[in-house]
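S.K.: with the input below, show me the fold.
(3 chains)
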Amino acid sequence: MWPDIDTILLVIVMLVKVGVVTIILLNLPIPLTWLERKVAGHIQQRPGPMRVGPHGILQPVADGIKLIFKEDIVPAKADKLLFMFAPVVSLVPALCVFVAIPVAESVTIPYINKELTFYVADFNVGILFILARGGMGIYGIILGGWASNSKYAMLGGLRSAAQMISYEVALSFSAIGVVMMSNSLSLVEIVESQAGNLFDWNIFYLPVGPIWFVIFLIAGMAEINRIPFDLSEDEGSLAAGFFVEYSAMKFSLFALAEYTAMVTIATLGTLMFLGGWNGPVDIGIPPIFWFIGKTFVLIYFFMVIRFTLPRYRYDQLMTIGWNVLIPISLVLVLVTGLMRIYL
Amino acid sequence: MNFAFSIQDVLGVLPEIIIALGACAMLILDLFLERDKKEWVAYLGIFVVILAAIASWCLINTAEPYVMGRMMVIDNYSLFFKFTFYLATILTLLLSINYAKSADLDYRGEFYTLMIFSLCGMLVMASGSNLITIYLGIELMALPIYVLVGFLKNDTRSNEGAMKYVILGGFASGLLLYGMSLIYGLTGTTDLAGINAALSAGTVSPVILTLSIVLMAAGFCFKLAGFPFHMWAPDAYQAAPTPVTAFMAVASKGAAFAAIVRVFLEALYPAYAEWQMILAVIAVLSMFYGNTVAIMQTNIKRMLAYSSIGHAGYALLGLVAGTGEGSAAIMFYILVYTLMNLGAFAVIIMMRKTGKVAGDSIYDYKGLAKNNKVVALVMLIFLFSLAGIPPMAGFMGKLYIFMALINQGYIILAVLGILTTAIAAFFYIRIVLFMYMKEPEGEFDLVKSCALYIVIAISVIGVILLGVVPGSLMELASKAALLL
Amino acid sequence: MLIEYILFIIFAVIAIMSSLCVVTLRNPVHCAGYLIVTLLQVAALFLLCRSPFLAVVQVFIYVGAVLVLFLFVVLLIDVKKASMEIFKPKHRPLAYGVLAILLIETLVVIFVGGLEKIRLAAPGAEVKVETIGRELFTSYIFPFEIVSVVLLVAMVGAIVMAIDRRG
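M.R.: Sure, this is the predicted structure:
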């Protein structure tokens, strides 16, 4: 009754893939925090971290060590269980998302003649899975905010709940747009539909592609609570929002989840609009580098935005979501549909 | 299931489409109206209903009743109910215009619009030939009514009534869905005819079938306020704005009957032996409970709520008979009930003095005859009809139900029904006594409104006409009844 | 198939345990948390039925949206007060009685009901999204449209209930 060798191999390969993805994701914040602080520094005409290592490149490591050794404070009146659990709840869905994210087209390994795919699983509803799973990250914020038993944390959680619900609609609409343009819910097929040159990318599906992309970027930024939409952690009016009571590793888990979510949105943008691993021109670079490069550009864009734009007021935030993005999305769905039928 | 969409499908559901689009038009019209001109929304609503009625009229005796891939059936049975609902809705809208103005309701345009939406759900319920459509029809019917019951937002009683109605309504929907899903699991289809065929084949497990029948009966009986699923009714009826009470009492109950009769006779008839006992128990308990508890009520809306529980019991007896005759009797009964109940509510609204609520207590009717003979007389007609006293239509309705029962050999059920009718007569006639035998305690300040006069006139004429010459309508109903 | 069977047992047991927690725990926020767990398990069961679309939609709609709003409301109530609300002692026998009847009913259905006669869709082909979409917009187009009207009504109703306006 033992499974045959192929199945065992499949399981091993899958486990290895999961391990690799997890390790990459857990370590990504190290370069990303450094980059973010550097970007912040240079935008504000200062050098940023410089002391630890050349150009402060080891600064995140130092930060990490500091966070690990800090005292882990649990407020006396907090709901202990949920307080411990909330950072995990916010991190796990963010990591889970990457099960469905393909990073390059599959290659056939020479000699053993086996196909190696660069994703853990290709769901035929991949894009929905990512949105659904990503949407769950919000529970960490709400539960964390509530469990802290603090006014500011609670308000942060509530704000965040309303915000994410609102923008998830627009984000899903942009996904619907992509699905209509690419005719599939599977991310692999979506990327394959954009193969060819630059103008086969969904962002150049004129005239609706660029508008979809903008909607996606705005909704995505709101969904991951980044400036200018980080109302839930507004230090001006809410101290630090939902994680005001968190310290040490619990705090860093939240930060980790936030960075992972940012990477998710960047990879989603790459896959959905920027042609995934397809290069604009064929110059012989392996596809995976195109993918990483595009994702990096988007991440860099998010960072620049963070230090360029001021934060919106809460009512403005809601207005943008409900009165601007969603109506535009509805019209665009109609236009895209008509284009699909008649063009 | 292969389904080729054709113009026939659209024509078949044209009434529903007209109603849904008309309701949207009402919402839009509402935006452009001044606060004191909101009644135009209601007039538009009446116009929409008339349009839909015309569309339905054109569908009488259609050659191909099943449309939309067997989701809907446009037979004369459903059309009979639909015309009842059209009538009920038009009359309720007429009742509402004056009420909404004098009660100074907010969101008056939405008040009328929600009724039209609810009507759309009732039409779907009457025509649904698939469990999915019927369920969605129920939800579409109930949802606006939940809101309408709680329309008096600053009145805590209204809030309480709406709350009870919503929670118990959700619970009942859950039961209904559970029953439906079991039926789907047993038969592999949600199509009523398909269920019938699968049940006739006789391979299904009787225990689960019984369970699903119990669950579905419970869900439906909640909607038609049968004992023991009536708990919401008195509170919701009393708390709701009076026109809404009237609408709930007649139209939503009628729609629930349209659906339950179709589901039980068309889909579950092979299991007749299983369900007739369940429904008979519910019917008898409803009659006894509704009519005895009504005696103790001093609030007339509450009293009518309990009486409506009793009426649901009588109508259910028609279903227990399980014949075409029984379903024809139900159709007739629902139409008559609609007329007499709406008439009674029209009088209640008429008693409502401007600004403050009055006419809710039965003592307010003391000496009405001394003050206004005509109003007292029409109230007497409606109450006699509700009590089932000849020659009013209510008597004929009960008579047909009992006849259908006796023809099937359910003598005991018929006797119990007649017994409860005698109990019921007590509290109806008590109000008549108050009106005619007591001295007035204060000045009556009756609402004078053309719309109310129209409603009362239509109801009175209907109640008397159907009581004296019921034959032609009953013949219509018999022809339209579900044939087994 | 053995693996699927084991997975089914795991998901089903967790679903039942967590739904028990939903109704027995006192703190509404904890209950909501367990409700999330329950719904996720149900989504996993859908996956075992070879309908990934249904599973994802379950997570998307219920876990991602409905329960967020649910929590949103729960957070606004006074949890300490709400967790004190229990059945009054004199109502308890009734509640236990109803529970006992329901339990007996369930047991009867499970053990003598002949559940094996329920027709299950043969496990095998995964349900494609295209199939669902095509069915939804052809055979079930009418119910689909009715649902849209229901949603419109819900929206109008919510506005009427929630916003104070003179007009």
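
S.K.: which residues touch residue A:118?
M.R.: The contact partners of residue A:118, by Cβ atoms under 8 Å, 6 or more residues apart in numbering or on different chains, come to A:102, A:103, A:104, A:105, A:106, A:107, A:288. Just so you know, the C-beta spots here come from the backbone N, C-alpha and C atoms, and that holds for glycine as well.

S.K.: list the residues that contact residue A:251.
M.R.: Contacts of residue A:251 by Cβ under 8 Å, 6+ apart are A:67, A:87, A:243.

S.K.: which one of those residues has the most neighbours?
M.R.: residue A:243 (28 neighbours; other Cβ atoms under 10 Å in any protein chain shown).

S.K.: so it sits against residue A:140, correct?
M.R.: No. Using Cβ atoms under 8 Å as the test, residue A:243 is too far from residue A:140 to be in contact (9.5 Å).

S.K.: apart from its chain neighbours, what residue comes closest to the residue nearest the centre of chain C?
M.R.: Chain C has residue C:39 as the residue nearest its centroid, 6.0 Å off, counting by Cα atoms, centre = their mean. Leaving out its chain neighbours, the residue that sits closest to residue C:39 by Cβ to Cβ, 6 or more residues apart in numbering or on different chains is residue C:62, at 4.8 Å.

S.K.: swap in residue A:196?
M.R.: residue A:278 (7.2 Å).

S.K.: can you give me phi and psi for the one you found?
M.R.: Dihedral angles of residue A:278 (phi, psi; degrees, to the nearest 10) stand at phi -80, psi 130.

S.K.: same deal with residue B:299?
M.R.: Dihedral angles for residue B:299 - degrees, to the nearest 10 - are phi -90, psi 130.

S.K.: follow-up on the earlier one: as a markdown table, the contacts of residue A:251 with pLDDT, secondary structure and distance to residue B:227 would be great.
M.R.: Formatted as a markdown table, the contacts of residue A:251 follow (pLDDT from 0 to 100; DSSP: H, G, I helix; E, B strand; the rest coil; distance: Cβ to Cβ, whole Å):
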| residue | pLDDT | secondary structure | distance to residue B:227 |
| --- | --- | --- | --- |
| A:67 | 82 | helix | 65 |
| A:87 | 86 | helix | 53 |
| A:243 | 74 | helix | 55 |
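
S.K.: need the helix or strand of chain C with the lowest average pLDDT.
M.R.: Counting by mean pLDDT, DSSP states H and E, chain C has its least confident helix or strand at helix C:79-82, which shows a mean of 64.

S.K.: and the next helix or strand after that one, which residues are buried?
M.R.: Next in sequence after helix C:79-82, counting helices and strands by DSSP states H and E, comes helix C:92-112. In terms of neighbour count (16 or more other Cβ atoms under 10 Å in any protein chain shown), helix C:92-112 has its buried residues at residue C:109.

S.K.: residues in contact with residue A:60?
M.R.: Residues in contact with residue A:60, defined by Cβ under 8 Å, 6+ apart, are A:29, A:30, A:31, A:33, A:34.

S.K.: what distance do you get for it to residue B:9?
M.R.: Using Cβ to Cβ, to the nearest Å, residue A:60 is found at 64 Å from residue B:9.

S.K.: for residue B:145, give me the pLDDT.
M.R.: On the pLDDT scale, residue B:145 is placed at 93.

S.K.: got it, and residue C:124?
M.R.: Among the per-residue scores, residue C:124 shows a pLDDT of 60.

S.K.: what of residue B:56?
M.R.: With respect to pLDDT, residue B:56 scores 92.

S.K.: OK, contacts around the most centrally placed residue in chain A?
M.R.: Chain A has residue A:264 as the residue nearest its centroid, 2.5 Å off, counting by Cα atoms, centre = their mean. Applying Cβ under 8 Å, 6+ apart, we find residue A:264 in contact with A:94, A:97, A:98, A:101, A:130, A:134, A:224.

S.K.: spit out the contact partners of the first one.
M.R.: When you say that, I think you mean residue A:94. A:134, A:137, A:257, A:260, A:261, A:264.

S.K.: what about it, which SS state?
M.R.: helix (DSSP: H, G, I helix; E, B strand; the rest coil).

S.K.: distance check, it against chain B.
M.R.: From residue A:94 across to chain B, the span is 34 Å (Cβ to the nearest Cβ, to the nearest Å).

S.K.: do the same with the last one
M.R.: For residue A:224, the distance to chain B (Cβ to the nearest Cβ) stands at 35 Å.

S.K.: who's in contact with the nearest residue to that residue once chain neighbours are set aside?
M.R.: Once flanking residues are discounted, residue A:224 sits nearest to residue A:261: 4.2 Å by Cβ to Cβ, 6+ apart. Residue A:261 makes contact with A:94, A:134, A:137, A:223, A:224, A:225, according to Cβ under 8 Å, 6+ apart.

S.K.: please report phi then psi for residue A:261.
M.R.: According to degrees, to the nearest 10, residue A:261 has phi -60, psi -40.

S.K.: for chain C, just list every one of the helices.
M.R.: If DSSP state H is used as the criterion, the helices of chain C fall at C:2-24, C:28-48, C:52-57, C:67-76, C:79-82, C:92-112, C:129-137, C:141-162.

S.K.: mind checking which of the ones you listed is nearest residue A:76?
M.R.: helix C:79-82 (15.4 Å; Cβ to Cβ).

S.K.: return the distance of the helix or strand bottoming out on mean pLDDT in chain B from the chain's centre.
M.R.: The weakest-scoring helix or strand in chain B, judged by mean pLDDT, DSSP H and E, is helix B:368-371 (a mean of 82). Relative to its parent chain, helix B:368-371 has a centroid offset of 31 Å by Cα atoms, centre = their mean, to the nearest Å.

S.K.: how about stretch A:155-166?
M.R.: Taking Cα atoms, centre = their mean, one finds stretch A:155-166 lying 18 Å from the centre of the chain it belongs to.

S.K.: most residues in a single helix of the chain, which one?
M.R.: Since no chain was named, I'll use chain A. Longest helix of chain A, by residue count under DSSP H: helix A:151-182.

S.K.: that's the wrong chain, I meant chain B
M.R.: Determined from DSSP H, the single longest helix within chain B is helix B:156-187.

S.K.: so that helix versus helix C:141-162, what angle?
M.R.: 160 degrees (axes from the mean of the first three to the mean of the last three Cα atoms, to 10 degrees).
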